[in-house]
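Undergrad: below: sequence and its predicted model.
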Amino acid sequence: MLTIDNIQVGYGSCVVARHEGESAFAKAELTAILGTNGAGKSTLLRSLHNGSHLLNGNIRLEGLDINNWNPTERSRKIAVVLTERHFSYFLKVRELLELSRSPYTNFLGKLQPLDHERIHAVMQSFDLESLFDRRLGTLSDGQLQRVLIARAMVQDTEYLLMDEPTSHLDINHKADLMFELREYCHETGRSMIYASHEIQLALALSDKILTIHQGQIDFFERKELTASEKLEKMFPSDYLAFQRGDIKFNFPK
């Protein structure tokens, strides 16, 4: 299980967000991280991945401090999709997905039949077979985003950390992707923790909601959050109003 205990995350001596007490990210659940721009959503995700922005407190994976995990062993437990894209655009989709199996291959990087089976299963699930031999630089932003998510899925980990997974996607692909990811987590016992500005989708599909507001990290059950006044306080606007009955923000008539 992935747990946080009295953490502070940020940069240098600057604390961006903090959480008091101990909380856990349960398996077989989707947890959305909601907050305004600059609230610390991406910073928290990076801290959960490898403790890189953890200033105080403890983040533990299966009881062991996140910083004490061997990188290879940790990569068998946690896959991450961030907004930064550190790879060569000359790579083919096939090559990128093959690289994501490196935590399971020998030092020569030789793929086994099980690795190929996993790659093809994910390609079929994400309807990416037609892109298999395309170079990353030839893909649209939406196609590339789906490939990057497929790369995380090919890694076959217990935890998926994703920063804005639906960015660059059309509205139908946003919904399709999130429903597929929720079904995957529920059926396989995996856990997905993702930062998003897609509030409507998060409220409709997530099992838990983590909010970052005024530097404070809080966990909510979905119904608990929508019944409170938290969302209005987090996203105040003269032009939008949160309708609790519809569980969404509406423009006033």
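TA: Noted; the coordinates are in hand.

Undergrad: any idea how far the residue minimising distance to the centre of the chain is from residue 30?
TA: Closest to where the C-alpha atoms of the chain average out (Cα atoms, centre = their mean) is residue 162, at 2.0 Å. According to Cβ to Cβ, to the nearest Å, residue 162 and residue 30 sit 10 Å apart. Every residue, glycine included, has its C-beta placed from N, CA and C.

Undergrad: where are the low-confidence patches of the stretch 51-200 of the chain?
TA: The stretch 51-200 of the chain contains residues with pLDDT under 70 at 107-108.

Undergrad: now do the helices in the stretch 1-150 of the chain.
TA: Along the stretch 1-150 of the chain, counting by DSSP state H, counting those that start in this stretch, helices occupy 41-50, 71-75, 93-99, 113-125, 141-154.

Undergrad: residue 177 is nearest to which of those helices?
TA: helix 141-154 (7.0 Å; Cβ to Cβ).

Undergrad: domain ranges for the chain, per the record?
TA: 2-77+158-250, 88-156 (automatic domain parsing).

Undergrad: which residues in the protein form strands?
TA: 2-11, 14-18, 22-25, 30-35, 54-61, 64-65, 78-81, 159-163, 191-195, 208-213, 216-221, 241-243, 248-250 (DSSP state E).

Undergrad: how about those in TSV, adding distance to residue 182?
TA: Below are the strands of the chain laid out as TSV (distance: least, Cβ to Cβ, whole Å):
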stretch	distance to residue 182
strand 2-11	18
strand 14-18	25
strand 22-25	15
strand 30-35	5
strand 54-61	22
strand 64-65	28
strand 78-81	16
strand 159-163	11
strand 191-195	8
strand 208-213	12
strand 216-221	16
strand 241-243	23
strand 248-250	18
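
Undergrad: closest one to residue 102 among the ones you listed?
TA: strand 78-81 (12.0 Å).

Undergrad: packing partners of the closest one?
TA: Counting contacts by 3 or more Cβ pairs under 8 Å, 6 or more residues apart in numbering; DSSP states H and E, strand 78-81 packs against helix 41-50, helix 141-154, strand 159-163.

Undergrad: ok, the shortest one: who's next to it in the sheet?
TA: Which is strand 159-163. Looking at strand 159-163 with DSSP bridges, its partner strands are strand 78-81 (parallel), strand 191-195 (parallel).

Undergrad: output the last one as PDB, nothing but the C-alphas.
TA: Right, the one you point to is strand 191-195. What follows is strand 191-195 as a C-alpha-only set of coordinates in PDB (Å, rounded to 0.1, in the frame of the first residue of the first chain):
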ATOM      1  CA  SER A 191      -4.600   1.900  -8.000                       C
ATOM      2  CA  MET A 192      -4.500   5.000 -10.100                       C
ATOM      3  CA  ILE A 193      -3.700   8.500  -8.700                       C
ATOM      4  CA  TYR A 194      -4.100  11.300 -11.200                       C
ATOM      5  CA  ALA A 195      -4.100  15.100 -11.200                       C
END
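
Undergrad: in contact with residue 33, which residues?
TA: 41, 44-45, 193-196, 210-212 (Cβ atoms under 8 Å, 6 or more residues apart in numbering).

Undergrad: just these now: which is nearest residue 8?
TA: residue 44 (10.6 Å).

Undergrad: correct me, but that closest one touches residue 17?
TA: Yes. The criterion here is Cβ atoms under 8 Å, and residue 44 meets it with residue 17 at 6.2 Å.
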